[in-house]
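Q: The following block contains a protein sequence and its predicted model.
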Amino acid sequence: MNSALPYDPQRLSHCAGEIIVNVRELAQRGWTPATSSNFSTRIDAGHVAITVSGRDKGRLTEADIMVVDLDGTPVATSHRPSAETLLHTQLYKRYPQIGCVLHTHSQTQTVASRLYAGRGHVHLEGYELLKAFSGNTTHEMALELPVYPNTQDMPTLAAQVDATLDQQPMWGYLIDGHGLYAWGRDMAEARRHLEAFEFLLGCELELRRLQR
Ligand SMILES: CSC[C@@H](O)[C@@H](O)C(=O)COP(=O)(O)O
Ligand SMILES: [Zn+2]
């Protein structure tokens, strides 16, 4: 390890590469419009690789990935981390096993967040794809995906997320008019959860449209 840095730079390079490859694919699906969205993976017990604020997420390079500690403080860089860094670090802090947090702004996620904000959650039940969420072994179950009011005040939002996590395990949530957060133990698991939420929300929207 480079003694000047409190993290392994090779591990950072690996994390950055993984973020760049995966986010490029998510961006190609239109899930990261207009520089929106942010992404992170855990480097080690105390450090996280996260996207620099305001960057075009469809064209990320290693220069667009920086390091923060679990309080969201930049480490060995003058870059500004994602405006929503707290929503990432609260998960890494709370769950040592969590290794990746993905946040996207697809149209499906945004429309669903508007439609279900009043109810405070989206009820997902009876879908085979519920088995994509780690720990689920059958479609014969229900999952409540929370929808929080949007705010620019991250501590307020993080407190609401924490309050829900005190009550129930979950792999993601929506923010009204904003987008989706999903996470997992590594990139593959977080991405599976993100894609499952996207698919299931799309099904719910289509059902509503057909039942009108
Ligand atoms: C471009 S508007 C979207 C932002 O306000 C925010 O919600 C977002 O997802 C990206 O913010 P960022 O600071 O680049 O991580
Ligand atoms: Zn956002």
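A: Good, I have the coordinates. Bear in mind that the values here come from a model prediction, so they are computed numbers and not experimental data. Ligands and ions are numbered 1, 2, ... in the order given.
Q: Would you list the phi and psi of Val147?
A: Main-chain torsions, Val147, degrees, to the nearest 10: phi -120, psi 120.
Q: Strands of the protein, start to end?
A: Listed in chain order, the strands of the chain (DSSP state E) span 38-44, 47-51, 65-69, 100-104, 121-125, 142-148, 172-175, 179-184.
Q: how about the third one, does it reach ligand 1?
A: Meaning strand 65-69. No. Using CB under 6 Å from any ligand atom, strand 65-69 stays clear of ligand 1, coming no nearer than 11.2 Å. Bear in mind the C-beta positions are built from the backbone N, C-alpha and C, glycine included.
Q: Is it correct that Ser40 is in contact with Val48?
A: Yes. Counting by CB atoms under 8 Å, Ser40 does reach Val48; the two are 5.1 Å apart.
Q: what do these two both touch?
A: 88, 92 (CB atoms under 8 Å, 6 or more residues apart in numbering).
Q: Now do the longest helix along the chain: which elements does it pack against?
A: Assignment by DSSP state H gives helix 187-211 as the longest helix of the chain. Packing contacts for helix 187-211, counted by 3 or more CB pairs under 8 Å, 6 or more residues apart in numbering; DSSP states H and E, involve helix 9-28, strand 100-104, helix 107-116, strand 121-125, strand 172-175, strand 179-184.
Q: Among these, show me which one is buried the most.
A: For the helices and strands packed on helix 187-211, the largest average neighbour count (mean count of other CB atoms under 10 Å) is found in strand 100-104, namely a mean of 27.
Q: name the helices or strands packed onto it?
A: Strand 100-104 is packed against strand 38-44, helix 85-94, strand 179-184, helix 187-211, with contacts defined by 3+ CB pairs under 8 Å, 6+ apart.
Q: mind checking which of the ones you listed is nearest Gln152?
A: Closest approach to Gln152 among the helices and strands packed on strand 100-104 (CB to CB): helix 85-94, 11.7 Å.
Q: then the closest one to PDB, C-alphas only?
A: Provided in PDB are the C-alpha atoms of helix 85-94 (Å, rounded to 0.1, in the frame of the first residue of the first chain):
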ATOM      1  CA  THR A  85     -23.100  11.200  -0.500                       C
ATOM      2  CA  LEU A  86     -24.800  10.900   2.900                       C
ATOM      3  CA  LEU A  87     -27.400   8.500   1.400                       C
ATOM      4  CA  HIS A  88     -24.500   6.200   0.400                       C
ATOM      5  CA  THR A  89     -22.400   6.500   3.500                       C
ATOM      6  CA  GLN A  90     -25.300   5.900   5.900                       C
ATOM      7  CA  LEU A  91     -25.700   2.400   4.300                       C
ATOM      8  CA  TYR A  92     -22.000   1.600   4.400                       C
ATOM      9  CA  LYS A  93     -21.800   2.700   8.100                       C
ATOM     10  CA  ARG A  94     -24.900   0.800   9.100                       C
END
